[in-house]
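Visitor: just need the structure, nothing else, for what follows:
(chains A and B)
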There are 2 protein chains.
Amino acid sequence: MTLSPTSRSTIQRAKKRAVTDRAALHAVLDAGLVCHLGFLRENAPVVLPTGYGRDGDTLFLHGSSGAFSLRTAGQREEICVTVTLLDGLVYARAVFHYSVNYRSAVIHGVPEVVNERDDKLHALRVVSEHLAPGSWDYSREPTKQELAKTTVLALDLTEAAVKIRNGPPVDDDEDVEAGDRWAGVLPLHAQWGDPRPCTLLPDGVAIPEHVLGRASQPYAPVPEA
Amino acid sequence: MTLSPTSRSTIQRAKKRAVTDRAALHAVLDAGLVCHLGFLRENAPVVLPTGYGRDGDTLFLHGSSGAFSLRTAGQREEICVTVTLLDGLVYARAVFHYSVNYRSAVIHGVPEVVNERDDKLHALRVVSEHLAPGSWDYSREPTKQELAKTTVLALDLTEAAVKIRNGPPVDDDEDVEAGDRWAGVLPLHAQWGDPRPCTLLPDGVAIPEHVLGRASQPYAPVPEA
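Guide: This next block holds a predicted model:
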């Protein structure tokens, strides 16, 4: 299946960076942790960071029911959700050709509000397990009141585009031939640090394996080619 | 000077996380490398990642003159620019209280297109030095043709809001008192890796200090309290 079924989500620039593969879309969404949600307020765009989780070809967003972003986004208005991973900086020979290596996914659609209790719990589990795998079963489940305070949106992934840049600088031939300036890539790496226990914990509460096993692991590493 | 002069950029949720200090806005913008630019296309929001640089209370964005985002954003339309830094994951005792530690800046405004040659060169230097300090003077400057192919926007930072969460989980008293579940923060760290020279370089082109000195340095570390 290919992405970008509409002209809007067709990559306008740098078409060679478009990856028309649904697996690539899923990979970018699964690697990231925070998306940028774009919606309209008084006919002007607003962009806010928020958490998410993916289940098949559905993206779930959640937030406080009082949050303007989700109240607005839930009113059958079009939204745009973008996930970007920064993988490195591309030092070129010419200022004009500087670039970044990155992976990004851009999704357009009209979200549905998830209202039914079981569906909502499922969606929250998906978001929770995406952010913090192993946490749902370990933690206290939401109460009825907490569920009511949480708005969940479901966004179909049909209209989506992926762009990936991963490689060396692309300079003009004459600058390459001049051979007098260094060029290359400075990769950016992220990883989880050591868990910092809450100071209110009683003695003897061990760090659970689903947290401890994540320490020192890379975050969103670039997949091997 | 405080941020948020209008109701739109007043933080709607989590007011305690708003930092009404211009220095905090500058710090978030200076720490990040990529922003998310929100603009309207056919009355629907579009959110795309792009580079930027800051000079005083002006944010410069640049991109290909052919890119729809900048063509649209340059037509005296409102845009929203958001920079988010992810600092850690907050493991709470209850699913409802899971959170992330982060820093974000959200800017609203109508950008100006920078047309005059010297202004444009200045803006591009600002963006270039933000992404890759030391690169402007080291690299080949843009030609007249390259300048024409580049659109630069200037966005005033007057209407902006900063949100920062940095701390332990905030759970309900009864969950804390139960004392049976671990809670804490898993910090996320990013750092620059080792430079990867372009394979087209002739032998003997040394990695310049402005690149080599960045290797192994942290990216966007959380400032000491």
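Visitor: the helices in chain A, which residues?
Guide: For chain A, helices defined by DSSP state H occupy the ranges A:22-31, A:68-73, A:117-131, A:135-138, A:144-148, A:173-178, A:209-212.
Visitor: what mean pLDDT does the second one get?
Guide: Per-residue pLDDT over helix A:68-73 has a mean of 64.
Visitor: now do the first one
Guide: Here helix A:22-31 scores 96 as its mean pLDDT.
Visitor: how about residues contacting that helix?
Guide: A:1-3, A:52, A:54, A:57, A:59, A:83, A:85, A:103-105, A:130, A:157, A:160, A:162, A:164, A:220-221, A:223 (CB atoms under 8 Å, 6 or more residues apart in numbering or on different chains). For every residue, glycine as well, the C-beta is placed using N, CA and C.
Visitor: could you do the longest one as well?
Guide: With contact meaning CB under 8 Å, 6+ apart, helix A:117-131 is reached by A:30, A:33, A:51-55, A:60-62, A:114, A:135-136, A:139, A:141-142, A:147, A:150, A:152, A:154, B:89, B:95, B:98, B:100.
Visitor: what residues sit buried inside stretch A:41-50?
Guide: Neighbour-count burial for stretch A:41-50, with 16 or more other CB atoms under 10 Å in any protein chain shown as criterion, is recorded at A:Arg41, A:Ala44, A:Pro45, A:Val46, A:Val47, A:Leu48, A:Pro49, A:Thr50.
Visitor: low-confidence regions, chain A specifically.
Guide: Applying pLDDT under 70 to chain A flags residues A:1-20, A:68-74, A:225.
Visitor: name the nearest residue to A:Lys85, ignoring sequence neighbours.
Guide: Just to correct that, residue A:85 is Leu rather than Lys. Nearest non-adjacent residue to A:Leu85, counting by CB to CB, 6 or more residues apart in numbering or on different chains: A:Arg103, 4.5 Å away.
Visitor: count of residues packed around the one you found?
Guide: A count of nearby residues for A:Arg103, using other CB atoms under 10 Å in any protein chain shown, gives 26.
Visitor: tell me what it is bridged to.
Guide: Counting by DSSP bridges, A:Arg103 is bridged to A:Leu85, A:Ile164.
Visitor: and what of A:Ile79?
Guide: Bridge pairing for A:Ile79 (DSSP bridges) gives the partners A:Gly109.
Visitor: for B:Ala44, see how far away it is.
Guide: Using CB to CB, to the nearest Å, A:Ile79 is found at 8 Å from B:Ala44.
Visitor: can you list residues touching both of these two?
Guide: A:His108.
Visitor: near chain B too, which of the buried residues of stretch A:41-50?
Guide: A:Arg41, A:Ala44, A:Pro45, A:Val46, A:Val47, A:Leu48, A:Pro49 (CB under 8 Å from any CB of the partner chain).
Visitor: from those, which land in strands?
Guide: Per DSSP state E, strands hold the following members of these: A:Arg41, A:Ala44, A:Pro45, A:Val46, A:Val47, A:Leu48, A:Pro49.
Visitor: and those, which two are the farthest apart?
Guide: The largest separation in these, counting by CB to CB, is between A:Ala44 and A:Pro49 at 18.0 Å.
Visitor: with distance to B:Arg214 added, can I get the ones in strands among the ones next to chain B among the buried residues of stretch A:41-50 in JSON lines?
Guide: Compiled in JSON lines, those are given as follows (distance: CB to CB, whole Å):
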{"residue": "A:Arg41", "distance to B:Arg214": "38"}
{"residue": "A:Ala44", "distance to B:Arg214": "37"}
{"residue": "A:Pro45", "distance to B:Arg214": "33"}
{"residue": "A:Val46", "distance to B:Arg214": "34"}
{"residue": "A:Val47", "distance to B:Arg214": "28"}
{"residue": "A:Leu48", "distance to B:Arg214": "30"}
{"residue": "A:Pro49", "distance to B:Arg214": "26"}
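Visitor: re the thing from before, list the contacts for the residue nearest to A:Leu85?
Guide: Contact analysis of A:Arg103 by CB under 8 Å, 6+ apart lists A:Ala27, A:Val28, A:Ala31, A:Thr84, A:Leu85, A:Asp87, A:Val162, A:Lys163, A:Ile164, A:Asn166, A:Val222.
Visitor: I'd say the fifth one and A:Ala220 touch.
Guide: It stands for A:Leu85. Yes: in this structure, A:Leu85 is within contact of A:Ala220 by CB atoms under 8 Å, at 4.9 Å.
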